[in-house]
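Asks: sequence and predicted structure, then a few things I'm wondering about:
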Amino acid sequence: MSRDKASTVDAELHKFFGKPVSELYEAAADPGASPALARALELRSFLALAEEQVARVRDRVHADMDPDRDMGELSADKLRFDAQWLQAALEARDGYRAALGELLRTMPPPAQQGRPVRTAQLRATATLPPPVAPAPPSAGAARASRP
């Protein structure tokens, strides 16, 4: 996982959960940790990796386009490939950010997490009708046909 790599949502996670990301990873390792926290940190790790990929491609393109670089080394095919790679990394980054944002919007606030939910217990109060007398033994018996 990308625990040690910074991501663009670290401050938002800190604000939401009230702890720095490093402490959140420690809290998520506890057996009683919220599954939503574990999911949020998993998405955050994927996001950090996608952001690292975006930065790598960006830096490679910048290095290729450096004004001091020899123009003979410039390759349109390489730049096209880098553009495709960058597009894929940006789409992944945007997807992880959207998924994490949705998760945080739908999660209960951390103060409410872990509290047992109290529900009213319903009781059956319907009364049953009085028992019906058993049918006589001959009731419903088929008559034998007479010749």
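Replies: Great, that's in hand.

Asks: got the contact list for L86?
Replies: Going by CB atoms under 8 Å, 6 or more residues apart in numbering, L86 touches V54, V57, R58, V61. In short, each C-beta sits where N, CA and C put it, glycine included.

Asks: in a markdown table, list these along with distance to R105, secondary structure and pLDDT.
Replies: Converted to a markdown table, the contacts of L86 look like this (distance: CB to CB, whole Å; DSSP: H, G, I helix; E, B strand; the rest coil; pLDDT from 0 to 100):
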| residue | distance to R105 | secondary structure | pLDDT |
| --- | --- | --- | --- |
| V54 | 24 | helix | 96 |
| V57 | 30 | helix | 96 |
| R58 | 29 | helix | 95 |
| V61 | 34 | helix | 93 |
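
Asks: got a winner among the residues you listed for most neighbours?
Replies: V57 (19 neighbours; other CB atoms under 10 Å).

Asks: touching, that residue and D82? I think so.
Replies: Yes - using CB atoms under 8 Å, V57 is in contact with D82, at 5.6 Å.

Asks: closest to G95 among the contacts of L86?
Replies: V54 (12.6 Å; CB to CB).

Asks: which ones are touching that closest one?
Replies: L86, A89, L90, R93.

Asks: do the same with A92
Replies: F46, A50, Q53.

Asks: okay, which residue is most central for the protein?
Replies: R39 (5.2 Å; CA atoms, centre = their mean).

Asks: count of neighbours near L37?
Replies: With other CB under 10 Å as criterion, L37 counts 21.

Asks: ok, now Y25?
Replies: When neighbours are counted by other CB under 10 Å, Y25 comes out with 18.

Asks: leaving out the residues flanking it, which one is nearest to it?
Replies: R3 (5.4 Å; CB to CB, 6 or more residues apart in numbering).

Asks: and the one you found, how far is that from L49?
Replies: Remark: distance between R3 and L49 (CB to CB, to the nearest Å) = 11 Å.

Asks: list the buried residues of the helix or strand hosting A83.
Replies: Element membership of A83 [criterion: DSSP states H and E] is helix 76-106. Neighbour-count burial for helix 76-106, counted by 16 or more other CB atoms under 10 Å, picks out D82, W85, L86, A89, L90, A92, R93, Y96, R97, A99, L100, L104.

Asks: for those, which one is nearest D68?
Replies: D82 (19.2 Å).
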